[in-house]
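In: predicted model follows, preceded by the sequence.
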Amino acid sequence: MTNREFLVVTTTHDDEARARELAAAAVRERLAACAQVYPVRSVYRWDGEVRDGAEWRVDLKTRAALAERLTAFIGERHPYDVPEVIGVPVVTGSAAYLDWIAAETGGA
């Protein structure tokens, strides 16, 4: 597998426990090999006004082939009207780590 076959998919959540639940569910379903959950501060425009709020960011490590399934999975379980789901290609990474992602997501 090449580096370009991997993504980091990011979403955010307004509740830490729910962010962790979403992360664990994605890993359990093998849609991601791992996920990191950490606090962020988001500034965004919604309903015509600029808002500022605490959120929990979830970065999921996965194969590009799973992007559509992971996006749908997040959308089905997310309370936001328009949840953030952004996939960023992995440009470089250790071969052993990328092999591990592939193995944990059923792509080995």
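Out: Perfect, I can see it now. Numbers count the residues shown, from 1 in each chain.

In: alpha carbons only for contacts and neighbour counts from here, please
Out: Will do.

In: what segments of the protein are helices?
Out: 16-28, 67-77, 95-104 (DSSP state H).

In: the second one: how far from the chain's middle?
Out: In terms of Cα atoms, centre = their mean, to the nearest Å, the centre of helix 67-77 is set 9 Å apart from its chain centre.

In: buried ones in the longest strand anywhere in the chain?
Out: Looking across the chain with DSSP state E, the single longest strand is strand 49-63. For strand 49-63, the neighbour count (16 or more other Cα atoms under 10 Å) marks E55, W56, R57, V58, D59, L60, K61, T62, R63 as buried.

In: would you list the residues you listed in a markdown table and tack on distance to E49?
Out: What follows is the buried residues of strand 49-63, written out as a markdown table (distance: Cα to Cα, whole Å):
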| residue | distance to E49 |
| --- | --- |
| E55 | 18 |
| W56 | 21 |
| R57 | 22 |
| V58 | 25 |
| D59 | 27 |
| L60 | 30 |
| K61 | 33 |
| T62 | 34 |
| R63 | 36 |
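
In: how about the contacts made by V40?
Out: A54, E55, W56, R57 (Cα atoms under 8 Å, 6 or more residues apart in numbering).

In: now render those as a markdown table, adding pLDDT.
Out: Conversion of the contacts of V40 to a markdown table gives the following (pLDDT from 0 to 100):
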| residue | pLDDT |
| --- | --- |
| A54 | 97 |
| E55 | 97 |
| W56 | 98 |
| R57 | 98 |
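
In: wait, which of these is closest to A67?
Out: Minimum distance to A67 across the contacts of V40 is 17.5 Å, recorded for R57 (Cα to Cα).

In: great, nothing more from me.
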